[in-house]
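Chemist: Model the following, please.
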Amino acid sequence: MTENGKISSYENSIDTVSYQLFRFMLIFNGIVVLFNTMVTAHAIHGFIIEGNVFELITKFHLRMPYWKIPLIVILLYISLLSLLSIECHNHIELIVKLWLEIMACFGICFFSGFSYTGMVLLILADVMRNRIDWKKKLFYIMGLACYDLVLNSSLPASYMNVLSIKTIWSYYRYDVETMLTGAINIMFLLNVFAFIMYMVFLTLEQMSEKERISMLYEELSEVNSRLEKANKQLEAYTEESVRAAETRERNRFAQEIHDTLGHALTGIVTGIEACIMLMDIAPDATKEQLKAIEEVARQGITDVRQSVKALRPDALERMELKDALLKIIDETQRSTGISIKFECDASLVNFSTDEEEAIYRIVQEGVTNAIRHGKATEIFINITRVNDLLNIRIKDNGIGCSKIHKGFGLHHMEERLALLNGKLEYEGSDGFTINASVPIRWGSGEEEQSKKEAEYD
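Modeler: Purely as a prediction, here's the structure:
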């Protein structure tokens with residue numbers, strides 16, 4: 001068994017013992033109260049049978065049949081048990097419950113001649129197991145202690161003209177009376193001992209609970225520390241992966257330039273040098289050489305165009321612009337768990353290649369910046385058309401930025417839009433917001449498709 005398992009088993013055993021002790025006190029006090037009232041009712045019945053109904057007894061006990069005394073006490077104790085089983089959820093409920101318990105306890109003491117007050121310890125045990133602060137518990141402890149002192153004094157009995165148990169039990173022989181009184185005293189001491197043991201185990205239970213909470217807090221702190229460390233490592237790995245991808249892309253592009261344009265230019269330069277040498281001595285050969293140079297130049301242009309075309313997003317090669325935007329949004333949501341809401345009430349067809357790339361890259365870069373720099377959890381993308389302008393608005397709920405330092409992303413957005421005579425605006429007071437405007441060159445000459453509204457959540 002692991003250390004945590006041992007601790008959990010130890011805590012469960014403490015909880016079980018404290019609960020069993022409380023149940024023992026409930027049953028034990030019921031037995032003592034029933035024994036006390038049954039003996040008292042029997043003594044009163046004996047006085048009645050023998051005709052010794054003297055004046056002191058008639059002052060109270062003979063106002064009702066003697067057999068009703070145990071019945072009333074049992075009903076009061078059942079009421080007390082019901083109150084003790086109620087769980088309180090606030091301080092007001094606890095006060096009301098406590099007053100009702102005190103009244104039930106007083107009724108039991110009243111009908112038993114104030115000879116046994118062990119129920120006060122039962123009420124105190126119930127108060128101690130409630131989850132309230134110690135200042136309020138101390139107030140209740142002091143109040144119940146004063147209540148117990150009053151019950152054990154002669155004031156209630158004399159004020160209410162209640163006969164003492166010693167007077168009633170004088171019906172029995174001296175040795176029997178002494179034995180009964182000793183039994184009640186022993187029962188009271190056993191109840192006190194059970195209460196002390198209950199308080200010991202209740203204290204151990206609360207201490208173990210505090211230790212458990214402390215251990216859980218330490219484990220949570222350790223897990224949080226590990227998560228922060230893992231998050232930093234993941235961020236570092238992500239940044240390294242991005243840098244590596246950028247490096248690979250630059251290397252690939254450089255290789256494309258070297259293999260296509262470099263090769264073509266080298267051939268052109270070499271051919272021109274040959275033409276210069278042949279121009280005077282072999283004009284026909286020079287013409288043939290120039291034709292070869294022309295072919296090399298044309299092939300170079302073709303290769304460069306193919307290389308540039310390879311830089312176009314693959315999604316735009318295979319699908320319409322709107323579908324490509326939905327695809328990148330879906331992939332981002334699935335990979336990051338971030339909520340991205342996409343609304344578009346403008347038609348996204350009939351754009352030229354450079355316009356599609358600009359729109360696609362603006363949305364892509366805006367989402368990337370919101371996640372990487374803004375630490376956003378929600379991103380809102382809205383594309384609308386106002387007259388001959390296509391407006392793209394990207395807003396996130398991230399940390400924002402009071403002082404914006406324009407990096408590569410914003411710089412590239414501005415460059416792309418400048419080539420299209422567009423405009424880029426941004427601000428970081430409430431999250432980060434990007435507003436891009438792209439002139440629509442096809443809108444004035446064609447009928448725009450019916451407006452659509454789509455939301456991708």
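
Chemist: When you work out contacts or count neighbours from here on, use the C-alpha atoms and nothing else.
Modeler: Fine.

Chemist: domain assignment for this protein?
Modeler: Annotated domains of the chain cover 3-222, 231-310, 314-456 [automatic domain parsing].

Chemist: isn't there a helix covering Thr286?
Modeler: Yes - checked against DSSP: H, G, I helix; E, B strand; the rest coil, Thr286 lies within a helix.

Chemist: what sits against it?
Modeler: By CA atoms under 8 Å, 6 or more residues apart in numbering, Thr286 lies in contact with 274-275, 278-279.

Chemist: and the closest residue to it other than its chain neighbours, what is it in contact with?
Modeler: Leaving aside its sequence neighbours, Thr286 sits nearest to Cys275 (CA to CA, 6 or more residues apart in numbering; 5.2 Å). By CA under 8 Å, 6+ apart, the contact set of Cys275 is 286, 289-290.

Chemist: at 10 Å instead, please
Modeler: Contact partners of Cys275, counting by CA atoms under 10 Å, 6 or more residues apart in numbering, are 269, 282-283, 285-290, 293.

Chemist: do Leu424 as well
Modeler: By CA under 10 Å, 6+ apart, the residues touching Leu424 are 362, 391-392, 410-411, 413-418, 434-438.

Chemist: please redo it, this time with the cut-off set to 8 Å
Modeler: Going by CA under 8 Å, 6+ apart, Leu424 touches 413-414, 417, 434-437.

Chemist: By pLDDT, rank the residues you listed and give me the bottom one.
Modeler: Lowest in pLDDT among the contacts of Leu424 is Met413, which has 81.

Chemist: Just the buried residues of the stretch of helix or strand that residue belongs to, please?
Modeler: Using DSSP states H and E, Met413 sits within helix 408-419. Within helix 408-419, the residues that count as buried by 16 or more other CA atoms under 10 Å are 409-410, 412-417.

Chemist: again, but for stretch 324-339
Modeler: Buried residues in stretch 324-339 (16+ other CA under 10 Å): 324-325, 328-330, 332, 338-339.

Chemist: confidence score at Asp259?
Modeler: Asp259 carries a pLDDT value of 51.

Chemist: right, I mislabeled it, should have said Gly445
Modeler: In this model, Gly445 is scored at 38, pLDDT.

Chemist: repeat for Leu278
Modeler: Value for Leu278, per-residue pLDDT: 75.

Chemist: Please name the residues that touch it.
Modeler: So Leu278 contacts 285-286 (CA under 8 Å, 6+ apart).

Chemist: Kindly report the same for Ser437.
Modeler: Residues in contact with Ser437, defined by CA under 8 Å, 6+ apart, are 389-392, 417, 422-424.

Chemist: Keep only those of those that are in helices.
Modeler: Leu417 (DSSP state H).

Chemist: which of the contacts of Ser437 lies closest to Val96?
Modeler: Taking CA to CA as the measure, Val96 lies nearest Ile392 of the contacts of Ser437, at 63.5 Å.

Chemist: wait, that closest one sits on Phe380?
Modeler: No - at 10.6 Å, Ile392 does not count as touching Phe380 under the criterion of CA atoms under 8 Å.

Chemist: Could I get the full set of helices for the stretch 201-350 of the chain?
Modeler: Taking DSSP state H, counting those that start in this stretch, the helices of the stretch 201-350 of the chain run over residues 263-278, 283-310, 314-318, 321-336.

Chemist: Could you find the closest non-adjacent residue to Lys403?
Modeler: Using CA to CA, 6+ apart, the nearest residue to Lys403 is Gly428, at 7.8 Å.

Chemist: biggest separation within the buried residues of helix 408-419, which pair?
Modeler: For the buried residues of helix 408-419, the farthest-apart pair by CA to CA is Gly409 and Leu417; their separation is 12.4 Å.

Chemist: From Leu326, how far out is the spatially most central residue of the chain?
Modeler: Nearest to the geometric centre of the chain sits Leu220, at 13.1 Å (CA atoms, centre = their mean). According to CA to CA, to the nearest Å, Leu220 stands 39 Å off from Leu326.

Chemist: do the same with Gly374
Modeler: Distance, Gly374 to Leu326, using CA to CA: 21 Å.

Chemist: list the contacts for the residue of the chain most remote from its centre?
Modeler: Taking CA atoms, centre = their mean, the residue of the chain most remote from its mean C-alpha position is Ile281, at 89.3 Å. When the contact criterion is CA under 8 Å, 6+ apart, Ile281 has no partners at all.

Chemist: Count residues in the vicinity of Thr167, would you?
Modeler: Close neighbours of Thr167, defined as other CA atoms under 10 Å, add up to 12.

Chemist: name the element it belongs to?
Modeler: Assigned by DSSP H and E, Thr167 belongs to helix 165-168.

Chemist: Look at Asn382 and tell me its secondary structure.
Modeler: Under three-state DSSP, Asn382 comes out as strand.

Chemist: so it makes contact with Ala346?
Modeler: No - using CA under 8 Å, Asn382 is not in contact with Ala346, being 9.8 Å away.

Chemist: averaging pLDDT over each of the domains of the chain, which comes out lowest?
Modeler: When these are ranked by mean pLDDT, domain 231-310 comes last with a mean of 70.

Chemist: for the contacts of Ser437, which one is nearest Met179?
Modeler: Ile392 (97.2 Å).

Chemist: show me the contacts for that closest one.
Modeler: 381-384, 434-437.

Chemist: Mark which of the residues you listed are buried, thanks.
Modeler: Looks like these have 381-384, 434-437 buried, using 16+ other CA under 10 Å.

Chemist: Specify which member of these is nearest to Cys401.
Modeler: Ile434 (12.4 Å).
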